[in-house]
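1. When you get a sec, could you give me coordinates for this:
(one chain, ligands or ions: 2)
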Amino acid sequence: MKPESMIEIINLNKWFGNFHVLKNINMRVDKGEIIVICGPSGSGKSTLIRCINRIEYHQKGKIVVAGTPLTNRMKNISMVRREVGMVFQDFDLFPHLTILENLILAPTWILKLPRKTAMATAMALLERVRISDQAQKMPGQLSGGQQQRAAIARALCMNPKVMLFDEPTSALDPEMVKEVLDVIQDLAQDGMTMICVTHEMGFARQVANRIIFMDEGEIVEENDPDNFFSHPRWDRTQKFLSQIL
Ligand code: ADP
Ligand code: MG
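-> Ligands and ions are numbered 1, 2, ... in the order given. Reported below is the predicted structural model:
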């Protein structure tokens, strides 16, 4: 059986003014695949994944998410956003709401779920990321690692088909990186389709099906983890790996 495509990106090009930030990006992510994207700062990694749920728009090329092509129609954009969960570097929880309120906001407002149903799902997900005891606290009362796990649980409350992570551990103190990566790895093992921008190469080696290396707006190299690390094909990849490993 042919694998089901979750994300398909065809000849994607994007400019910020005159600056060509994404150049002819082609990429396909099948259901259940775990993709890690790495590359130097400024290479366009965030912009690429932000295009997938239309936080940024592209000028040329095509993006199809779970069978829906991204167009400018708001209805179509909302549909895609519902399928795609996103977790940012800086957690991005609403500071004036409790953790539980953060989690049930979108399910009650966007999916129109009854509060009780949304709360039950939220509590189960907080349990899953092992912070159910923090449900009634405000984000500022949690550690960075706990806040990031709450942000992951919040994205999962919408029952997404795909999860996008943009450097989910780079704002964390070192001792909290593992607890967040463990949660992401659990999700991966559960079959969630995901794209994770990260420089945690131990995680990439263990969890990714494919690693994509970007530089200056291009995909320079794409390979399975074994070959990516042991036989990088391009100088630019080798140089990058020698700097971070
Ligand atoms: P990365 O995530 O790989 O560090 P980004 O996607 O954030 O890279 O940025 C790629 C390039 O695009 C950088 O040169 C950055 O300065 C530029 N850029 C990002 N966002 C904007 C924006 N809103 N307007 C103009 N330039 C931007
Ligand atoms: Mg970035």
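2. can you list the residues of the protein near ligand 1?
-> Contact residues, the chain versus ligand 1 (C-beta under 6 Å from any ligand atom): 16, 21, 39, 41-47. Glycine gets a C-beta too; all of them are placed from N, C-alpha and C.
3. For the host helix or strand of Ala153, enumerate the helices and strands it packs against.
-> Following DSSP states H and E, the helix or strand that holds Ala153 is helix 144-156. Judged by 3 or more C-beta pairs under 8 Å, 6 or more residues apart in numbering; DSSP states H and E, helix 144-156 is in contact with strand 84-87, helix 99-109, helix 115-128, strand 162-166, helix 174-189.
4. go with 7 Å
-> strand 84-87, helix 99-109, helix 115-128, helix 174-189 (3 or more C-beta pairs under 7 Å, 6 or more residues apart in numbering; DSSP states H and E).
5. Give me the contacts around the last one.
-> Outside helix 174-189, the residues within contact range by C-beta atoms under 7 Å, 6 or more residues apart in numbering are 34, 129, 143-145, 148-149, 152, 163, 165, 168-169, 172, 194, 196, 200, 203, 207.
6. need the helix or strand of the protein with the lowest average pLDDT.
-> The least trusted helix or strand in the chain, going by mean pLDDT, DSSP states H and E, turns out to be helix 74-83, with a mean of 85.
7. Send over that helix as CSV, restricted to the C-alpha atoms.
-> Provided in CSV are the C-alpha atoms of helix 74-83 (Å, rounded to 0.1, in the frame of the first residue of the first chain):
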residue,chain,number,x,y,z
MET,A,74,-9.7,31.7,5.3
LYS,A,75,-11.9,28.6,5.5
ASN,A,76,-9.1,26.5,4.0
ILE,A,77,-6.4,28.0,6.3
SER,A,78,-8.5,27.3,9.4
MET,A,79,-9.0,23.7,8.2
VAL,A,80,-5.2,23.2,7.8
ARG,A,81,-4.5,24.9,11.2
ARG,A,82,-6.9,22.5,12.9
GLU,A,83,-4.8,19.5,11.6
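8. so what does that helix touch, helix or strand wise?
-> Short answer (3+ C-beta pairs under 7 Å, 6+ apart): helix 74-83 packs on strand 68-69.
9. now the strand it packs on, how far from the centre of its chain.
-> Relative to its chain's centre, strand 68-69 lies at 19 Å (C-alpha atoms, centre = their mean, to the nearest Å).
10. Repeat that for stretch 175-184.
-> Averaging C-alpha positions (C-alpha atoms, centre = their mean) puts stretch 175-184 15 Å from its chain's average.
11. and the helix holding Ala153, average pLDDT?
-> Throughout helix 144-156, pLDDT has a mean value of 97.
12. Tell me where the model's unsure across the protein.
-> By pLDDT under 70, the chain has no low-scoring segment.
13. Spatially central residue for it, please.
-> Leu164 (1.6 Å; C-alpha atoms, centre = their mean).
14. Cys42: neighbour count?
-> I think there's a mix-up here, since residue 42 is Gly and not Cys. Neighbours of Gly42 under the rule other C-beta atoms under 10 Å: 12.
15. wait, I meant Met119
-> 18.
16. So it sits against Ile104, correct?
-> Yes. Under the criterion of C-beta atoms under 7 Å, Met119 makes contact with Ile104 at 5.8 Å.
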